[in-house]
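[1] Build the 3D model from these lines:
(2 chains)
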Amino acid sequence: MRCAHDRDSAFFVARWQAFFKYSAQLFVNNLSMALQDIETVGQHSLQMEDDAEGFRKGLWPQRIGRLLMFLSLLAAAGGLFGTGPLSITTGKAGTVEIRYEKFLRFENETALELKLEQASGTTTVIFPNDYISSLRVARIQPQPESTAIIDNHVVYTFNQTDKGEIMFFISPEKSGSVKGSVKVNDQLIPLSHFIYP
Amino acid sequence: MNPVFRGIAVYIFLLIIFRITGKRTLSQATTFEFVLLLIISEVTQGAMVGEDYSLMNCFLLIMTLLGVDILFSFLKSKFKTFDRVTEGGAVIIVDKGRPLTQRMKLSRVDEEDVLEAARSLHGLERMEQIKYAVLEVDGSISIIPREQKKST
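    Residues are numbered from 1 along each chain as shown, chains lettered A, B, ... in the order given. Now for the predicted structure:
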């Protein structure tokens, strides 16, 4: 069974390698074609300027632009612009684990997932006010027992009798780099995001 | 983000992306390309408007887009280089019945496209009947037929 799985993986890897090799070859061919001189047109009777020189000059930036577009798409598929494996980050401190997205998009709701591996009766989750004001909390699941603002921090208190998860659904309210932290029952985990406009 | 900056960003992004993809992109308006165009406009509208459906936001965005367009038109008429960079120029792709294959390949036009334009515009049947074919700035193909020899 494992052998068949390995064979399948190797097959897919080989296919992807072939695809990338073919794409790279296609791009190199295209680029080299763009570098060659194009046909010239002799005297013509049209009252227009044949923009062959401008056309030739524009081919290079166009090809580079297409390559950048292709690379951006690959990066986006991987999650560099949010929602993907490159974006998902985890942080751990003691019995608390947090899972969140490093790359966010403006006003695009995402989840900040807290995993509590031990029952502690009451759980307090504390965010600095600066951080929480940049990322509007749209919903919290489960609902906290109480919310308070203490010493420039937002404090959420939950009743917790078993291990479980707390989800904060956040919606970025500003773009750029946002750094902050979350303190869960005295265990501090730093958080860092980059928000695309 | 401020709607004015949103509008400017979207305008410039669309200008760059359509310049990169080439003038033939979405120029033929087949059914599929028409649907694609609608999807692009829908996506653009969503990003520009965001969650602000107010009348003022709508007015600001329309004024921004038209304002940037007027500014770009002015710059294009003043500076020839700016015009060439942002729009490109017309290119001859068939010269006295001879297809200029390299130019055609690089601008994603094939002989079939030229013949199709020749058939639909002038009812021409063969490549030799075309004097010039020009790939225009808007991505369309203009055909100038050869002059027919007058029968005596």
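[2] C-alpha only now, for contacts and for neighbours.
    Will do.
[3] Help me confirm that residue A:191 comes into contact with residue A:183.
    No - with contact defined as Cα atoms under 8 Å, residue A:191 does not reach residue A:183; the gap is 10.4 Å.
[4] So which bits of chain B are right by chain A?
    B:1, B:19-22, B:84-85, B:88-92, B:95, B:100, B:102-103, B:106 (Cα under 8 Å from any Cα of the partner chain).
[5] Could you tell me which of those residues are located in strands?
    The strands, defined by DSSP state E, take in B:91-92, B:95 from the residues of chain B next to chain A.
[6] what sits against residue 68?
    By default, I'm working from chain A. Applying Cα atoms under 8 Å, 6 or more residues apart in numbering or on different chains to residue A:68 gives no contacts.
[7] um, chain B though
    Contacts of residue B:68 (Cα under 8 Å, 6+ apart): B:8, B:11.
[8] what pLDDT does it get?
    pLDDT, residue B:68: 95.
[9] Including distance to residue B:13, neighbour count and pLDDT, could the ones in strands among the residues of chain B next to chain A go into JSON lines?
    Putting these into JSON lines (distance: Cα to Cα, whole Å; neighbours: other Cα atoms under 10 Å in any protein chain shown; pLDDT from 0 to 100) gives the following:
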{"residue": "B:91", "distance to residue B:13": "25", "neighbour count": "23", "pLDDT": "89"}
{"residue": "B:92", "distance to residue B:13": "28", "neighbour count": "25", "pLDDT": "92"}
{"residue": "B:95", "distance to residue B:13": "35", "neighbour count": "19", "pLDDT": "90"}
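[10] Among those residues, which one lies nearest to chain A?
    Taking Cα to the nearest Cα as the measure, chain A sits nearest to residue B:91 out of those, at 5.2 Å.
[11] And for residue B:143, the neighbour number?
    Counted with other Cα atoms under 10 Å in any protein chain shown, the neighbours of residue B:143 add up to 22.
[12] any idea of the pLDDT on it?
    As predicted, residue B:143 sits at a pLDDT of 93.
[13] residue contacts, it?
    B:114, B:117-118, B:121-122, B:130-134.
[14] And residue A:162, by the same measure?
    Contacts of residue A:162 (Cα under 8 Å, 6+ apart): A:118-120.
[15] would TSV of the residues you listed with distance to chain B be doable?
    Formatted as TSV, the contacts of residue A:162 follow (distance: Cα to the nearest Cα, whole Å):
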residue	distance to chain B
A:118	40
A:119	40
A:120	40
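[16] Of the residues of chain B next to chain A, just the buried ones, PyMOL syntax please.
    Buried subset of the residues of chain B next to chain A, written as a PyMOL selection, criterion 16 or more other Cα atoms under 10 Å in any protein chain shown:
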select buried, chain B and resi 19+20+21+22+84+88+89+90+91+92+95+100+102+103+106
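[17] The residues of chain B next to chain A in helices, which ones?
    Using DSSP state H to define helices, the subset of the residues of chain B next to chain A located there is B:19-21, B:84-85, B:102-103, B:106.
[18] Name the nearest residue to residue B:145, sequence neighbours excluded.
    Leaving aside its sequence neighbours, residue B:145 sits nearest to residue B:130 (Cα to Cα, 6 or more residues apart in numbering or on different chains; 4.5 Å).
[19] my read is residue A:194 is in a strand, agree?
    Yes - with DSSP: H, G, I helix; E, B strand; the rest coil as the criterion, residue A:194 is part of a strand.
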